[in-house]
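Trainee: Okay, here's the prediction I keep looking at, along with the sequence it came from:
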Amino acid sequence: MLTALVFLAILMTAVLVHELAHYLAARSVGVSVRAFSVGMGPIVFKRHWRGTEWRLSLLPLGGYVDLPGMAASVDDEGRLQSPTEGMARLRLPQKAWVLSAGVIANYVLGTLLLASAVVLAPGFRELVSGAPVEVEGAQIVAVADGSRAAALGLLAGDRIVRLNTVHEPTPERMVAELAEADALTMVVQGEDGREREVTSAWPPAGLEPGERPLLGVQLAPVTVPSVGLGTALVESVDFGVRMFPEMVLAFVRGFGSALSGAPNEDVAGPVGMVTMVGQAAQVGIAPVLLLAALINFSLAVFNLLPIPGLDGGRLLLATVVSARGKPFRPGQEEAIHFAGIMAVLALIVLITVQELGGLLGG
């Protein structure tokens, strides 16, 4: 239950920011907004403010803004008429600004969330920047009496800078190296900052068959250098740009897999996303922020796809109208968008059914 609530909070925050951006962009070019809804379906609460009806709707599965000039109207004789007000009177650059504002807002929110995750958990920097995270070498906090480490003169406070060919080894990497090494060469930095080289035969003599060679030191947990917010923001912006074509291809592959019935590893439906949120929440706030960032990036890319009914599809048809120099026949554009929305909803339902089938079958 808590996992579902966390997921809904992430999703509805993304939707709220998306629709609020459409609202502000429309107002910035002089288009009024008839209604702004958080949620879909039956209206639970509404209030009029600044010429807009603000709604809270029953189903927390999306949201919308109702802009004049987006659909045909009916005249006194019951005939459909092409819209002439609101969005219909805007030039293409202004329409593009209003239609793309939600995508831009989700991208910005995703960038901020991703940067926050990196600041809180610098280990995520490798995922975001693609560069290995630099960690400080293994820090010795205690040396066992009579151990090989004591015989080699290792002291609490020393830092192992290099172990054989492994530079700045983590505790896990040290364990693996000591288990496989046939000689020992270490570069050790003392508390005074000076480095010294320590060599030894390895593994130690006198081991019983199957006994694992031990150095005899207790190591401090790995520390990852902190990341400043400015650096995290720059790297997060770059991540969003680099991931754009990959996300587009992932959606195409995912939709293809859903239609063919093949295993789908590219696109997650509601069930998959709730599962991922639950796994992230068990680890901590940083993974949840990371996942929220990816959901916002995905929402931005998905809405930009040239599918009728989505922002990208509306932008495509607006471009076609501008190039033709005349609008579609009354009702024609609405029918195209309706067909696109139905197709998208059908795909979402199909992906959800496949996910549920995988869970029940697994």
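Mentor: It's in. Numbering: from 1, shown residues only.

Trainee: how many other residues sit next to the closest residue to residue 171 other than its chain neighbours?
Mentor: Leaving aside its sequence neighbours, residue 171 sits nearest to residue 219 (Cβ to Cβ, 6 or more residues apart in numbering; 4.6 Å). For every residue, glycine as well, the C-beta is placed using N, CA and C. Here the number of neighbours of residue 219 (other Cβ atoms under 10 Å) works out to 20.

Trainee: Pop out the phi and psi values for residue 219.
Mentor: Dihedral angles of residue 219 (phi, psi; degrees, to the nearest 10) stand at phi -110, psi 150.

Trainee: pretty sure residue 19 is touching residue 36, no?
Mentor: Yes. The pair residue 19 and residue 36 passes the contact test of Cβ atoms under 8 Å, sitting 6.5 Å apart.

Trainee: Pull up the per-residue confidence for residue 274.
Mentor: For residue 274, the model assigns a pLDDT of 79.

Trainee: List the residues that contact it.
Mentor: By Cβ atoms under 8 Å, 6 or more residues apart in numbering, residue 274 lies in contact with 3-4, 7.

Trainee: and those residues as TSV, adding distance to residue 350 and pLDDT?
Mentor: Formatted as TSV, the contacts of residue 274 follow (distance: Cβ to Cβ, whole Å; pLDDT from 0 to 100):
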residue	distance to residue 350	pLDDT
3	23	81
4	21	81
7	20	87
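
Trainee: What about those, which are in strands?
Mentor: When these are checked against strands (DSSP state E), there are no matches.

Trainee: which one of those residues sits closest to residue 326?
Mentor: Nearest to residue 326 among those is residue 7, at 44.5 Å by Cβ to Cβ.

Trainee: Tell me how many other residues crowd that closest one.
Mentor: For residue 7, the tally of surrounding residues (other Cβ under 10 Å) stands at 24.

Trainee: That one reaches residue 273, doesn't it?
Mentor: Yes. The pair residue 7 and residue 273 qualifies as a contact (Cβ under 8 Å) at a distance of 6.1 Å.

Trainee: which SS class is the residue lying farthest from the centre of the chain?
Mentor: Distance from the centre of the chain peaks at residue 206, with 52.9 Å (Cα atoms, centre = their mean). For residue 206, the assignment made with DSSP: H, G, I helix; E, B strand; the rest coil gives coil.

Trainee: Give me the distance between it and residue 121.
Mentor: Distance, residue 206 to residue 121, by Cβ to Cβ, to the nearest Å: 43 Å.

Trainee: Could you do residue 174 as well?
Mentor: Look at residue 174 and residue 121: by Cβ to Cβ, they are 23 Å apart.

Trainee: buried ones in stretch 183-193?
Mentor: For stretch 183-193, a neighbour-count test (16 or more other Cβ atoms under 10 Å) marks 184, 186-189 as buried.

Trainee: Quick check: closest non-adjacent residue to the spatially most central residue of the chain.
Mentor: In the chain, the C-alpha nearest the mean C-alpha coordinate belongs to residue 294, at 1.0 Å (Cα atoms, centre = their mean). Distances taken as Cβ to Cβ, 6+ apart place residue 110 nearest to residue 294, at 7.3 Å, with adjacent residues excluded.

Trainee: now the strand or helix carrying that neighbour, how far from the chain's geometric center?
Mentor: According to DSSP states H and E, residue 110 maps onto helix 92-120. In terms of Cα atoms, centre = their mean, to the nearest Å, the centre of helix 92-120 is found 12 Å from the chain centre.

Trainee: quick revisit: quick check, the residue nearest to residue 171 in contact with residue 143.
Mentor: No. Counting by Cβ under 8 Å, residue 219 does not reach residue 143; the two are 10.7 Å apart.

Trainee: Wait, a helix at the residue nearest to the centre of the chain?
Mentor: Yes. Residue 294 forms part of a helix when assessed by three-state DSSP.

Trainee: Quickly note the distance from it to residue 124.
Mentor: Distance, residue 294 to residue 124, using Cβ to Cβ: 11 Å.

Trainee: Next: residue 204.
Mentor: 39 Å.

Trainee: Same question for residue 117.
Mentor: 5 Å.

Trainee: Is there a neighbour count for the residue nearest to residue 127 when sequence neighbours are not counted? I'd like the number.
Mentor: Closest residue to residue 127 apart from its sequence neighbours, by Cβ to Cβ, 6+ apart: residue 290 at 7.9 Å. Per other Cβ under 10 Å, the neighbour tally for residue 290 reads 22.

Trainee: Okay, buried residues for the helix or strand hosting residue 290 please.
Mentor: Element membership for residue 290 (DSSP H and E) is helix 285-304. Residues 286-304 are the ones in helix 285-304 that count as buried (16+ other Cβ under 10 Å).

Trainee: which is the next helix or strand following it?
Mentor: Of the helices and strands lying after helix 285-304 in sequence (DSSP H and E), the nearest is helix 311-324.

Trainee: got a list of contacts for that next one?
Mentor: By Cβ under 8 Å, 6+ apart, the surrounding residues in contact with helix 311-324 are 91-92, 95-96, 99-100, 102-103, 303-308, 327-328, 333, 336-337, 340.

Trainee: Thanks a lot, catch you later.
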